[in-house]
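Asker: sequence first, then the predicted structure:
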Amino acid sequence: MKKRMVIIFATAVILCTGCAKKQQEDVSINKSGYVRNQHPTETVMCGDIKPHTKAVVIKSKNDYHNYTISDTELVLDKVWVKAGDHVKKGDLLVSFKSDTMSETKKNYQDSIAENNIEIEHYKRLMEIDPTVNCKDIIAELEENNKLNNLYIEEIDARLKHYQIYAKDDGVITVVNDNLSKGYFTSGMTLLSQNFNSAKYSALVSTDFKIKKGDIYTAHAGNVPYEFRVVHVDDNTDDSGESIRRIEFEPVSDTSSIGDKDIIEMEFTGDVVKNALYVPENTVDKVEVGKSYKYFAYVADDNGYLEPREIKIARKVGNLYIIKTGLSEGEKVAIR
């Protein structure tokens, strides 16, 4: 009897052990060790800063014109401009002449001169002899002169039509090399002009000294283009930052710049000596009434962040120069 009870007890123990093992496998939880929260930080630096930035030049309007000529009867007379020249609307750019039209015009002028001699002769004749009436002949010669003058005016109008005049104020960007050799072909682009109505502008901070007349090189892709500063306006943007709006006119031919092309221009400023600075992305800017307050979050050795109000001396590119509130070597969290 005792033997039987021992067997039953042993079996129960085995069964219970199996259940416990099965239950333990079902509810097993893997725990990881504690990891301290780490904040990405930047170090407060001290040193010289060379302001440098890239700005996107915005093209409000691409207004240009290519000048061509189609009359093969014409001969090149003179090119009055060169690439880079500023011209006003109506200025003569290229003049042409026509030997055929010039000869025809001279014939009409000679005819007028001969008619005038005859008219003068008949008038004197009538003064000498009052009985002689030459009025009809004189009237016919005068009518002839009117027609000749009309023909001359028509030739002059045609010649003027074939001259190239500036269609608007602007800059000559291209002069065809063939013109310097004294020839052209029908339909060939002789000149290209960018009109002043083609506006280009960029926004940069006031750290960069830019004045009217300065020439900067911009790039659309890998192609360089030159622009001249025509207006500089200091302003404040929506975030309270001091900005400088620059308007340009093209010096190079910009006709190849497409509407979707990005035009980038680089600017550099004077070196700022012994500046205490942090990257822009480590500073919180908070609007308070009509002004702004600036905060940085300083990280200690244990990973804790201390919010600290700071004073900004100025902004240079994507860096804030610190006036008070931070010290060199401190770690500030990236926001």
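Answerer: Now that the structure is in, tell me what you want to look at. Computed from a predicted model, the values in this text were never measured in an experiment.
Asker: got a list of what Leu159 touches?
Answerer: Phe96, Lys97, Ser98, Met101 (C-beta atoms under 8 Å, 6 or more residues apart in numbering). Any C-beta I mention is one placed from the backbone N, CA and C, and that applies to glycine too.
Asker: assumed it was part of a strand.
Answerer: No - according to DSSP: H, G, I helix; E, B strand; the rest coil, Leu159 belongs to no strand; its state is helix.
Asker: how about the helices in the stretch 51-200 of the chain?
Answerer: 99-128, 135-162, 177-180 (DSSP state H, counting those that start in this stretch).
Asker: what angle do the second one and helix 99-128 make?
Answerer: An angle of 160 degrees separates the directions of helix 135-162 and helix 99-128 when computed by axes from the mean of the first three to the mean of the last three C-alpha atoms, to 10 degrees.
Asker: what residues sit buried inside helix 135-162?
Answerer: By neighbour count with 16 or more other C-beta atoms under 10 Å, helix 135-162 contains the buried residues Ile138, Leu141, Asn144, Asn145, Asn148, Tyr151, Ile152, Ile155, Leu159, Tyr162.
Asker: tell me which two in the residues you listed are the farthest apart.
Answerer: Across the buried residues of helix 135-162, no pair lies farther apart than Ile138 and Tyr162, at 36.6 Å, counting by C-beta to C-beta.
Asker: okay, now the unreliable bits of this structure?
Answerer: Low-confidence segments of the chain, defined by pLDDT under 70, span residues 1-37, 61-62, 71-72, 196-198, 236-241.
Asker: for Ala55, which non-adjacent residue is spatially closest?
Answerer: Ala202 (4.2 Å; C-beta to C-beta, 6 or more residues apart in numbering).
Asker: the helix or strand hosting Val278 packs against which elements?
Answerer: Taking DSSP states H and E as the criterion, Val278 maps to strand 272-279. Counting contacts by 3 or more C-beta pairs under 8 Å, 6 or more residues apart in numbering; DSSP states H and E, strand 272-279 packs against strand 45-49, strand 305-316, strand 319-324.
Asker: circling back: now the helices of the stretch 51-200 of the chain as CSV including distance to Gly258?
Answerer: Shown next, in CSV, are the helices of the stretch 51-200 of the chain (distance: least, C-beta to C-beta, whole Å):
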stretch, distance to Gly258
helix 99-128, 42
helix 135-162, 33
helix 177-180, 25
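Asker: who does the top strand by length along the chain touch, helix- and strand-wise?
Answerer: When the chain is parsed with DSSP state E, its longest strand is strand 223-236. Other helices and strands packing on strand 223-236, by 3+ C-beta pairs under 8 Å, 6+ apart, are strand 215-220, strand 242-250.
Asker: most tightly surrounded among those strands?
Answerer: Highest mean neighbour count of those: strand 242-250, a mean of 19 (counted as mean count of other C-beta atoms under 10 Å).
Asker: sorry, back to before: who's in contact with the residue nearest to Ala55?
Answerer: Counted by C-beta under 8 Å, 6+ apart, Ala202 has contacts Ala55, Val56, Val57, Ile58, Arg245, Ile246, Phe248, Met265.
Asker: find the nearest non-adjacent residue to the last one, please.
Answerer: When the adjacent residues along the chain are set aside, Met265 lies closest to Ala218, with 4.0 Å between them (C-beta to C-beta, 6+ apart).
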